[in-house]
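J.: build the 3D model from these lines:
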Amino acid sequence: MTTLQQPPHPVLEAVVTITGALDRVADANPSFMATDQKAATLVEIARAKAQLAELELRVIAAADDVAAESAARDVAAWLHHHTHQRPESLRADLHLATALDRTYALVAAAMRAGACNPAQAHVIVNALDDLPADLDVEMKTKAEEALVAYARQFDPVQLRRLGRRILEVIAPEIAEAEEARRLAAEETHARKKTRLAMRRLGDGTTRISAVVPDAAADRLATTLEAFASPRREDGTRTDTGEFLPYGRRLGRALCQLLETLDPARLPIHSGDATTVIVTIDLDQLRTEAGIAQTVGGTALTASEVRRLACTANIIPAVLGGNSEVLDLGRKQRLFTAAHRRALLLRTATCEAEGCDIPGTWAEAHHWIAWAQGGATDLDNAALLCSHHHHRAHDPAYPHERLPNGDIRFARRT
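T.: The predicted structure is shown next:
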């Protein structure tokens, strides 16, 4: 008996036609296209991608039998095996395909017309899913209509913001209460997810990873950007003058923030305001090659301890030959707010020669190091930006006070 072969489905024929057309232009060079034709082509490609994506989602929604044929968990798993795409992207596509097939016909129609791209469709569906469960069908349809219309004007990021406030458009009488409920739920979720981990990498650095509420992240970003602003030369360039990437500037800013926190404003820790105790032998503190250690076990060079002694809230415990404590430094060694105001009256900028970083961004530095018996007073003070303060404690950079009061640095040869 002869088996009749089923004729190709119009969907398959359309896809074959599209791939055939693309094959015919595989070797065409767009460099020779007129400018207006390039512009029109780019717009049409975007529209075609949206239409083809909708067609794919439509087939995915109807392809449970394809997965069942090979005992795949679902269509996303089958596609991952046969097409080698990212599994998380395929699962998201399956979710979107199901939502368009069962619930959101207007979004699907907009994609078929090339008026809504897949990224926008994901945003719209998520926004509609987040609407109150007891919202009536008519209101939900109005929301879908509004967001589909917005897709012609706004990108996915802007559309997400609009989606969060869509109730204000379709049902302003309940929008405020619903927004309060949503924010409370988000804040509870954020508190549950908040965490921070620190892992020593063994090369002198520690990897810090954290998940914090958006509001806390905003506060941290604002604080760090005050240190890392690209308008500041201080801390934004390497020693060779190269401009630091934003991520490295933020990392340095975090270090500077931790060094300048006022312990009087921090919670009590082990019976005292939060401080760090650094131990070092007296002879090593006075040498360039000395090594200190924090109570937590981190090793520091003597030059770094001398720098931190100027501004950071550490307590140096200076040890004698038998490790007896010769001097447990007090915080009075730090320059006070009055000292800083007086220094700002004396100089408006960093005192390093040629540096114009504002004095309000600079740090007070002991000209004669505190470890060498230098006093914490105006006669022994210099105002230096963070970059030059590091250089002042770097043995590779001898420096001198010029007759006009500036401080000149020169790399040791």
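
J.: strands of the stretch 301-413 of the chain, residue ranges please.
T.: For the stretch 301-413 of the chain, the strands defined by DSSP state E, counting those that start in this stretch cover 314-319, 325-328, 363-366, 381-384, 399-401, 407-409.

J.: which of the ones you listed has the lowest mean pLDDT?
T.: Among the strands of the stretch 301-413 of the chain, strand 325-328 carries the lowest mean pLDDT, a mean of 41.

J.: from Ser209, how far off is Gly202?
T.: Distance, Gly202 to Ser209, by CB to CB, to the nearest Å: 17 Å. Where you see a C-beta, it was placed from the backbone N, CA and C, and this is true even at glycine.

J.: Ala348 now?
T.: 40 Å.

J.: ok, Arg58 next?
T.: In terms of CB to CB, Arg58 sits 40 Å off from Ser209.

J.: the two: who's more crowded?
T.: Neighbours per residue (other CB atoms under 10 Å) separate Arg58 from Ser209, with Arg58 holding more: 17 against 9.

J.: that one and Ala108 touch, don't they?
T.: Yes: at 7.4 Å, Arg58 and Ala108 qualify as touching, with contact defined as CB atoms under 8 Å.

J.: what stretches of this structure score poorly on pLDDT?
T.: Counting by pLDDT under 70, the ranges of the chain that qualify are 1-5, 229-242, 262-333, 371.

J.: quick one: the strands in it?
T.: Taking DSSP state E as the criterion, the chain carries its strands at 195-200, 206-211, 268-269, 272-273, 276-281, 291-294, 299-301, 314-319, 325-328, 363-366, 381-384, 399-401, 407-409.

J.: which helices and strands sit right next to the second one?
T.: With contacts defined as 3 or more CB pairs under 8 Å, 6 or more residues apart in numbering; DSSP states H and E, the packing partners of strand 206-211 are strand 195-200.

J.: now do 10 Å
T.: On a contact count with 3 or more CB pairs under 10 Å, 6 or more residues apart in numbering; DSSP states H and E, strand 206-211 meets strand 195-200, helix 214-228.

J.: those into CSV, with extra columns for distance to Tyr397 and mean neighbour count?
T.: Formatted as CSV, the helices and strands packed on strand 206-211 follow (distance: least, CB to CB, whole Å; neighbours: other CB atoms under 10 Å):
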stretch, distance to Tyr397, mean neighbour count
strand 195-200, 29, 10
helix 214-228, 22, 14
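
J.: now these in JSON lines, with distance to Val25?
T.: Below are the helices and strands packed on strand 206-211 laid out as JSON lines (distance: least, CB to CB, whole Å):
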{"stretch": "strand 195-200", "distance to Val25": "51"}
{"stretch": "helix 214-228", "distance to Val25": "46"}
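
J.: which among these is found nearest to Arg102?
T.: Checking the helices and strands packed on strand 206-211 against Arg102 by CB to CB gives helix 214-228 as the closest, at 32.1 Å.

J.: quick one: residues in contact with that closest one.
T.: 186-187, 190, 194, 210-213, 232, 234-236, 244, 246-257, 260, 361, 386 (CB atoms under 10 Å, 6 or more residues apart in numbering).

J.: which of those fall in helices?
T.: 186-187, 190, 246-257, 260, 386 (DSSP state H).

J.: now list the buried members of those.
T.: 190, 249-254, 256, 386 (16 or more other CB atoms under 10 Å).

J.: of all pairs in these, which one is the farthest apart?
T.: Ala190 and Ser386 (32.3 Å).

J.: which residue is the nearest non-sequential neighbour of Ala14?
T.: Leu55 (7.5 Å; CB to CB, 6 or more residues apart in numbering).

J.: ugh, wrong one, Ala110
T.: Cys116 (3.7 Å).

J.: wait, the one you found touches Gln153, no?
T.: No: under the contact definition of CB atoms under 10 Å, Cys116 does not touch Gln153, with a separation of 11.4 Å.

J.: overlap in contacts of these two?
T.: Contacts common to Cys116 and Gln153, judged by CB under 10 Å, 6+ apart, are Leu159.

J.: for Thr41, find the nearest of the helices and strands packed on strand 206-211.
T.: Closest among the helices and strands packed on strand 206-211, once you apply CB to CB, is helix 214-228, at 39.9 Å.

J.: how far off helix 246-260 does that closest one point, in degrees?
T.: 90 degrees (axes from the mean of the first three to the mean of the last three CA atoms, to 10 degrees).

J.: in CSV, list the C-alpha atoms belonging to helix 214-228.
T.: C-alpha atoms of helix 214-228 as CSV (Å, rounded to 0.1, in the frame of the first residue of the first chain):
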residue,chain,number,x,y,z
ASP,A,214,18.1,48.8,45.7
ALA,A,215,17.9,51.7,48.1
ALA,A,216,21.0,50.6,49.9
ALA,A,217,22.8,50.2,46.6
ASP,A,218,21.8,53.7,45.6
ARG,A,219,23.2,55.1,48.8
LEU,A,220,26.4,53.2,48.4
ALA,A,221,26.8,54.3,44.7
THR,A,222,26.2,58.0,45.6
THR,A,223,28.8,57.8,48.3
LEU,A,224,31.4,56.0,46.2
GLU,A,225,30.9,58.3,43.2
ALA,A,226,31.7,61.2,45.5
PHE,A,227,35.2,59.7,45.7
ALA,A,228,35.3,58.3,42.1
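
J.: buried residues in the lengthiest helix in the chain?
T.: Ranked by residue count under DSSP H, the longest helix found in the chain is helix 35-61. For helix 35-61, a neighbour-count test (16+ other CB under 10 Å) marks 50-55, 57-61 as buried.

J.: ok, how many other residues are close to His365?
T.: For His365, using other CB under 10 Å, the count is 25.

J.: that one contacts Arg340, correct?
T.: No: His365 lies out of contact with Arg340 (CB under 10 Å); the separation is 11.5 Å.

J.: residue contacts, the nearest residue to Glu56 once chain neighbours are set aside?
T.: With CB to CB, 6+ apart as the criterion, Glu56 has its nearest non-adjacent residue at 7.5 Å, and that residue is Asp93. Shown in contact with Asp93 (CB under 10 Å, 6+ apart): 53, 56-57, 60-61, 75-76, 79, 85, 118, 122.
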